[in-house]
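1. pasting the sequence and the predicted coordinates here, then a few questions.
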Amino acid sequence: KLSINAFDYNCHLDLIKLLRQEGELVKLRRARQKMSELFPLTEEIWLDWLKDEIKMASEVSEREKVYELFERAVKDYICPEIWLEYAQYSIGGIGQEGGIEKVRSIFERALTAVGLHVSKGTALWEAYREFENAILETAQPAPGSVPSPEQQQVLCSQLEKIHTLFRRQLGIPLLDMEASYAEYEEWSEEPIPETTIKNYKKALQQLEKCKPYEEALLGAETPKLAEYQAYIDFEMKAGDPARIQLIYERALAENCLVPDLWARYNQYLDRQLKVKELVLSAHDRAVRNCPWTVGLWIRYLLAMERHRMDHSIISEMFEKALNAGFIQATDYVEIWQAYLDYLRRRVDFTQDSSKELEELRSAFARAVEYLKQEVEERFSESGDPSCTIMQNWARVEARLCNNMQKARELWDNIMTKGNAKYANMWLEYYNLERAHGDTQHCRKALHRAVQCTSDYPEHVCEVLLTLERIEGTLEDWDAAVQKTENRLARVNEQRAKAAEKEAALAKQEEEKAEQRKQARAEKKASKKAKKARAGDKRKADDEDEGEWGQEEELPSKRHRGEGDGVLPEEDMEVETGLFGRSAPEKPDGPANPKEKPSTSRKDVPKVFHDSSKDKVTVFVSNLSYTMAEPEARLRELFGSCGEVAEIRPVFSNKGTFRGYCYVQFQEEESALRALALDRTAVEGRPMFVSPCVDKNKNPDFKVFRYSTTLEKHKLFISGLPFSCTKEELEEVCKAHGNVKDIRLVTNRAGKPKGLAYVEYENEAQASQAVLKMDGLTVKDHVIKVMISNPPLRKLPEAGRASTFPAPRQVYGARGKGRTQLSMMPRALQRQSHPVAKAENGMVQNSPATSSEPPAEPKKMSNADFAKMLLKK
């Protein structure tokens, strides 16, 4: 895998892990070396590597290699643990020549790097003091002997070193500094100086200011970016450069893949500290951590130029940038432009010719060719459609080299790349000719512009007439007027034809839509006629048999003779049972056949909602229809949110629960807390909890929780296996960045749809994840990964809006049923009058039934029923 893609970070980690398990030390060292050349290594990787090398280092030469490895480790990140390990390892070489001074040098460097670390700096100070105390013990004279003046001097010098360490530490705000102060009091035989006490109290006050930020970091979850940013802002206001640098380094150690954080840190170093080694080291680490971010490379090139690095080193760094694998074609245009700017600043244009000028021209030519070949082949675009690099090249030739001939050649090349139709391109060329060319070429350019421009020809014509009005002869003016008039006449003619063509296309679309509508109407009419003929045939067959069955009265249809007005939406909804529709309840057989069944709508009380209680009420839906005692179950669910005033479940006309209800609380805060239970699984289905809002009064109100716009830090993944869990997907995604949230898309029943949204900390991590994960195989499924950009949610067309609300259909396991009749064989069903259903869901009565209700069918005996079956 690494031979195909050497920048696969996780693959490097896997290889190192396997080699370490197998004990392949030579291959392991080579693998670590290769990874460290491409990426800065984390604290854990460095410590593992260092510990392995320390175990194998026995000779002096091998110890020197370990020292070199430590030097590389402390340059990647500022880590207290690595510095402490480095200092303690150096103590092992104390017996060599200059060993003690070397240890002290490493400790001093460590204190400079991380001695101000509020939470981890104390360990380093204590280790340094322990080392000096050990040196003091070795300098003590033998018991009973009198120390010589030289020994006394060494003792005093060593004691002063330890006193100095205590005083330096107590002047720095560190956690547990009270214990350090108490230790100093106990150790010192002399009273603590007033200056030390004053500095200690000042440090304590500063520690109290830092503690909230340290506690926030301690309690926050990785990556703690917001907490670190607040800490950085605090230190920036305090203005101590060493502390600002340290907090930036602490933040970067945990957020090394955040380009914006690197950019802010490097900007601070460039503008404030301006220390060459520190600045260039930070820039180098930035581009090694985030090589895909072109802005970091550009800042690095500028910093190298600012600190007067050798030209060969800058050119080498630019070549590395070209191989960094940017994710957009425009990134390559930006890095080329930055490098060309650098080369242009090296040229002395007072000379007619120079090596630097030739190098600049060669680089311009290479940039144009690189964008055309390499970039266009990879991205299917050059990233520079308006040829900005060639434009800059032409400006350099015209203004700095006085070579208008070369500039004209370049502009001619620009126009042949599809830019001749744009007025702004012609005017840019015209302005260059106006400043550094002559009137003849200006006139020629404008005449060509009038002929070729298609976006704003009027503007180009106006510039040409202005030129001739100021500088042209009468013949020039006449020629310009004639040319512009002819051109504008053709443009207006073309626009008129385009408008006619567009109108004709629109008319054709309308005619096609009308034809489709008419075809649907004819098809519907033929179906109705077929049903009517079938009904007549059944009537003729059954004339002598009498009427034997009674059709179930439907809650969603009502003949005009049965009531006034239109039923509310609740009464029009179809109830579904185990097999897709409810079986009819057989009436107990009233004495009068015309008597209404006991399952009348009047038997089920209507649920009304007081809109004045909206703020203390939530609407709960998508509950199971089979939920037993929904009121008690929901009171148990929502009891944790606050005192529940009332729960109003909605039932159908047959008394079955319809899957939704109103939950009213005593206080508004309780209703707000209840919204947090949205999507909670209840009896195997996600329960939907939304604010109670009257959509008739607030038609624009939406309860859709998720963004429907482009989100560059969020990914959309499709093709996932239905068995994939959130934890499994997170394990795959977190390898490419810090995952903030994962949402698996499910249907209303809570079943997965094979889709997911993954939110990362920033755009850079999301972009890397797209590159690495798109086409990945997860449980034998090839997934597709892209930046989240949901399609716009379609709004209903105004023309389709009906006067009455359309019924909300509920379908069963078998899908949408053709009828809503009782469970009776269709061949035996009868209709005294065909019933037509309009498109909006309302019942249309035929003229025959408009004045009086249909006759009740006569019931049949079992014998009559058997005869009919035999006859069929």
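-> It's in.
2. and the helices in the stretch 51-200 of the chain?
-> Remark: helices of the stretch 51-200 of the chain, listed N- to C-terminal, are 60-76, 80-91, 99-114, 121-139, 149-170, 177-187, 194-219; assignment by DSSP state H, counting those that start in this stretch.
3. ok, which of those helices comes nearest P291?
-> helix 60-76 (14.9 Å; CB to CB). (C-beta placed from N, C-alpha, C; glycine too.)
4. would you mind writing the CA trace of the closest one as PDB?
-> Below are the C-alpha coordinates for helix 60-76, written out as PDB (Å, rounded to 0.1, in the frame of the first residue of the first chain):
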ATOM      1  CA  VAL A  60      29.100   5.000  23.300                       C
ATOM      2  CA  SER A  61      28.500   5.300  19.500                       C
ATOM      3  CA  GLU A  62      25.100   3.800  19.900                       C
ATOM      4  CA  ARG A  63      24.300   6.300  22.700                       C
ATOM      5  CA  GLU A  64      25.200   9.100  20.400                       C
ATOM      6  CA  LYS A  65      22.700   7.900  17.800                       C
ATOM      7  CA  VAL A  66      20.000   7.900  20.600                       C
ATOM      8  CA  TYR A  67      21.000  11.500  21.400                       C
ATOM      9  CA  GLU A  68      20.500  12.400  17.700                       C
ATOM     10  CA  LEU A  69      17.100  10.700  17.800                       C
ATOM     11  CA  PHE A  70      16.100  12.700  20.900                       C
ATOM     12  CA  GLU A  71      17.100  15.900  19.100                       C
ATOM     13  CA  ARG A  72      14.800  15.100  16.200                       C
ATOM     14  CA  ALA A  73      12.000  14.100  18.600                       C
ATOM     15  CA  VAL A  74      12.000  17.500  20.500                       C
ATOM     16  CA  LYS A  75      11.800  19.400  17.300                       C
ATOM     17  CA  ASP A  76       8.500  17.800  16.100                       C
END
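5. buried ones in it?
-> R63, V66, L69, F70, A73, V74, D76 (16 or more other CB atoms under 10 Å).
6. kindly report the same for stretch 416-426.
-> For stretch 416-426, the neighbour count (16+ other CB under 10 Å) marks N419, A420, Y422, A423, M425, W426 as buried.
7. for L2, what are its contacts?
-> Residues near L2 by CB atoms under 8 Å, 6 or more residues apart in numbering: D8, C11, H12, L15.
8. just the buried members of the residues you listed?
-> Applying 16+ other CB under 10 Å to those flags H12, L15 as buried.
9. closest one of the contacts of L2 to E668?
-> Of all these, the one with the least separation from E668 (CB to CB) is D8, at 53.0 Å.
10. can you put the buried residues of stretch 416-426 in TSV and add pLDDT?
-> Conversion of the buried residues of stretch 416-426 to TSV gives the following (pLDDT from 0 to 100):
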residue	pLDDT
N419	92
A420	93
Y422	94
A423	94
M425	95
W426	95
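11. want to try JSON lines for these, with distance to E108 as columns?
-> Putting the buried residues of stretch 416-426 into JSON lines (distance: CB to CB, whole Å) gives the following:
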{"residue": "N419", "distance to E108": "62"}
{"residue": "A420", "distance to E108": "67"}
{"residue": "Y422", "distance to E108": "64"}
{"residue": "A423", "distance to E108": "67"}
{"residue": "M425", "distance to E108": "62"}
{"residue": "W426", "distance to E108": "66"}
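12. between the residues you listed, which is closest to K654?
-> Comparing the buried residues of stretch 416-426 against K654 with CB to CB places Y422 closest, at 69.7 Å.
13. does the closest residue to the closest one other than its chain neighbours count as helix, strand or coil?
-> Leaving out its chain neighbours, the residue that sits closest to Y422 by CB to CB, 6 or more residues apart in numbering is D455, at 5.8 Å. Under the three-state scheme (DSSP: H, G, I helix; E, B strand; the rest coil), D455 adopts coil.
14. now do the contacts for D455.
-> Residues in contact with D455, defined by CB under 8 Å, 6+ apart, are K421, Y422, A423.
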